[in-house]
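Undergrad: 3D model of this:
(one chain, ligands or ions: 1)
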Amino acid sequence: MESIASREKFFPVQDISEVVQLFEYELEMNKEPDLTLLSIVVGSIENLLTCNRSNVLPEQNDVTSCTKLPVIDFKIVNALYKKFHSTIKGYVDMSQFANLKFATRELVKRVSDVIWNSLTRSYYKDRAHLQSLYSYLTGNKLDCFGVAFAVVAACQILGFNDVHLALSEDHAWVIFGENSCETAEVTWHGKGNEDKRGQSVEPGIASKCWLYLNGYPVRCNRYTEVASIVSAINPSLNVNNDAMEVALLQQQLLWLLYDKGHLSIYPMAIGNLGDLEEVNPSPDRAHCSVLFEEAIMIARTCYKNMHVYPYTYQGGYFYRHSRYKEAFESWANASDVLKQYNYTRDDEEIYKEVMEIANELIPHIMKVVSGHSAHSILKDPECFAHLLRFYDGICQWEEGSQTPVLHIGWAKPLVNTISKFDSQVRGQLIITSEVESAEDDENCNNVSTLKGIVATTGDEQKVRNDWLNLNTNLAKIEDSAESGNLHPNI
Ligand SMILES: FC(F)(F)Cc1cc2c(N3CCN(c4nnc(C(F)(F)F)s4)CC3)ncnc2s1
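TA: Numbers count the residues shown, from 1 in each chain. You can find the predicted model right below:
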């Protein structure tokens with residue numbers, strides 16, 4: 001039984017700096033970081049401070065790294081650690097997987113079955129604080145991410161260091177094999193979907209749905225897996241409040257991982273850090289807006305610009321700070337990513353995100369600026385261009401998809417927004433378009449898409465009516481509304 005005796009010296013853990021020291025040790029001194037130990041430690045702190053917060057802390061707490069935490073005793077951590085080890089070694093009969101250099105699909109499926117079959121029969125899967133091995137070992141509950149993480153932690157225990165976590169923006173699976181070129185589903189996704197555990201994710205990638213990022217997920221190593229433990233920390237006490245100590249712990253651990261370069265392939269973790277820095281800026285650290293930019297640069301350089309969230313993290317920041325023109329640009333950039341996908345029912349999370357932007361945030365901005373003076377964004381052709389690019393990307397996302405995206409509920413806010421811009425502003429757009437040679441398909445004509453919407457402040461150009469594409473889509477929506485076959489999503 002592998003023991004954590006060498007880590008006993010870090011216990012009892014009493015404050016944030018001691019947790020940071022434990023992570024520092026695991027990241028630097030251990031041959032490879034122990035996923036099971038680290039998940040148990042942060043999971044126990046999070047659960048004590050968010051689930052049963054009964055007098056575990058002094059009333060007043062300071063807000064530095066000496067922030068007091070509930071005392072975490074070695075014997076508790078050690079007991080849970082041994083429990084996970086004996087569960088995994090007890091139920092995975094290694095005689096069937098003797099002297100394998102690399103994991104097999106059967107091994108990965110077996111480990112997934114052991115975790116899966118030990119979960120509580122029925123519980124609310126989307127509840128908070130179900131992501132850690134502490135939750136699994138004390139309550140037999142895990143969320144979608146938690147199951148995938150537990151499978152990877154279990155494979156580490158069994159000595160299969162080729163099994164790693166693959167993370168999309170709303171799903172998780174594992175990669176394994178000689179060159180880590182095999183993939184396997186190990187958890188469920190969404191509500192009411194049959195799980196595909198044991199199967200490769202190739203069909204998901206081939207369907208061009210956002211859920212599988214066109215084959216550009218974050219492919220973790222042990223260090224990025226530690227980053228996923230920290231990024232998955234959830235400080236929420238309830239809908240409106242966070243446990244400050246948990247947020248501080250997450251922020252300090254993310255900076256530790258950032259400084260060691262372990263966030264350099266993980267845009268969402270940098271986005272998470274940006275959100276924490278916006279609320280509680282660390283002295284002599286980069287401004288949160290720089291972090292949002294960094295996440296975008298990583299998505300563009302490492303993931304062929306297939307990730308949406310870096311742009312919505314940034315757009316949300318600009319929106320919260322009333323930097324509306326920049327928010328429009330971020331959202332248009334997010335839409336440029338989405339149009340590379342085909343919308344399927346598995347993409348509901350990003351659908352809700354985009355719908356909130358289009359039907360709540362942008363209309364709110366239009367209301368706020370309507371009263372403002374002349375220089376407002378309603379007179380700015382570049383703003384108008386960003387908005388058109390945002391809407392057009394959604395239209396292109398819908399094109400070629402089985403499931404429609406837009407419905408009449410979208411058209412009203414859309415038309416309302418566009419009509420808020422003066423006609424002379426609309427007249428200042430130059431629209432360049434290339435006719436994309438559409439595949440031979442019985443019912444699709446040559447699709448002219450907006451290859452670029454550039455706005456000039458000059459009055460030299462009349463708007464070319466190529467953005468009829470947008471109007472054509474609007475007409476379709478209104479037709480469909482009239483004929484009553486509204487979007488199933490509403
Ligand atoms: F493993 C799954 F299935 F859970 C998929 C993952 C999600 C996720 C994440 N999230 C999800 C996105 N997320 C966002 N928070 N705000 C977002 C934005 F809309 F502002 F962009 S996106 C919170 C953190 N943060 C780190 N890593 C991961 S891996």
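Undergrad: how about the contacts made by the closest residue to Glu169 other than its chain neighbours?
TA: The shortest distance from Glu169 to any non-neighbouring residue, by CB to CB, 6 or more residues apart in numbering, is to Tyr309 (5.2 Å). For every residue, glycine as well, the C-beta is placed using N, CA and C. Applying CB atoms under 8 Å, 6 or more residues apart in numbering, we find Tyr309 in contact with 169, 267-268, 271.
Undergrad: which parts of the host helix or strand of Ala269 are buried?
TA: For Ala269, the enclosing helix or strand under DSSP states H and E is helix 267-279. Buried residues in helix 267-279, defined by neighbour count with 16 or more other CB atoms under 10 Å: 267-278.
Undergrad: now, among those residues, which is nearest to the ligand?
TA: Minimum separation from the ligand among the buried residues of helix 267-279 (CB to the nearest ligand atom) is found for Met268, which lies at 3.7 Å.
Undergrad: how much space separates the closest one from Glu2?
TA: 31 Å (CB to CB, to the nearest Å).
Undergrad: just the helices in the stretch 1-150 of the chain please.
TA: For the stretch 1-150 of the chain, the helices defined by DSSP state H, counting those that start in this stretch occupy 16-28, 35-50, 74-91, 105-117, 133-139, 144-157.
Undergrad: now render those as JSON lines, adding mean neighbour count and mean pLDDT.
TA: Listed next are the helices of the stretch 1-150 of the chain as JSON lines, based on neighbours: other CB atoms under 10 Å; pLDDT from 0 to 100:
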{"stretch": "helix 16-28", "mean neighbour count": "18", "mean pLDDT": "97"}
{"stretch": "helix 35-50", "mean neighbour count": "24", "mean pLDDT": "97"}
{"stretch": "helix 74-91", "mean neighbour count": "17", "mean pLDDT": "98"}
{"stretch": "helix 105-117", "mean neighbour count": "19", "mean pLDDT": "98"}
{"stretch": "helix 133-139", "mean neighbour count": "22", "mean pLDDT": "98"}
{"stretch": "helix 144-157", "mean neighbour count": "25", "mean pLDDT": "98"}
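Undergrad: same list (these) but as JSON lines, adding distance to Lys208.
TA: Formatted as JSON lines, the helices of the stretch 1-150 of the chain follow (distance: least, CB to CB, whole Å):
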{"stretch": "helix 16-28", "distance to Lys208": "37"}
{"stretch": "helix 35-50", "distance to Lys208": "32"}
{"stretch": "helix 74-91", "distance to Lys208": "36"}
{"stretch": "helix 105-117", "distance to Lys208": "24"}
{"stretch": "helix 133-139", "distance to Lys208": "34"}
{"stretch": "helix 144-157", "distance to Lys208": "22"}
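Undergrad: just so I know, which of those lies nearest the ligand?
TA: helix 144-157 (3.6 Å).
Undergrad: residue ranges with poor pLDDT in the stretch 251-400 of the chain?
TA: 373-375 (pLDDT under 70).
Undergrad: around the ligand, which positions in it sit nearby?
TA: Proximity of the stretch 251-400 of the chain to the ligand, by CB under 6 Å from any ligand atom, involves residues 268-269, 271-272, 309, 312-313, 316, 353.
Undergrad: is Thr432 bridged to anything, and to what?
TA: Beta-bridge partners recorded for Thr432 (DSSP bridges): Gly452.
Undergrad: could you check how far it is from the ligand?
TA: 30 Å (CB to the nearest ligand atom, to the nearest Å).
Undergrad: do Val415 as well
TA: Taking CB to the nearest ligand atom, one finds Val415 at 25 Å from the ligand.
Undergrad: tell me the SS of that residue?
TA: Of the three states, Val415 takes helix under DSSP: H, G, I helix; E, B strand; the rest coil.
Undergrad: number of residues surrounding it?
TA: Number of residues near Val415 (other CB atoms under 10 Å) recorded here: 13.
Undergrad: quick check: pLDDT value at it.
TA: Predicted confidence (pLDDT) for Val415: 90.
Undergrad: check the one 4 residues further on too.
TA: On the pLDDT scale, Ser419 is placed at 90.
Undergrad: quick one: it from Leu429, how far?
TA: 15 Å.
Undergrad: I appreciate the help and will end here.
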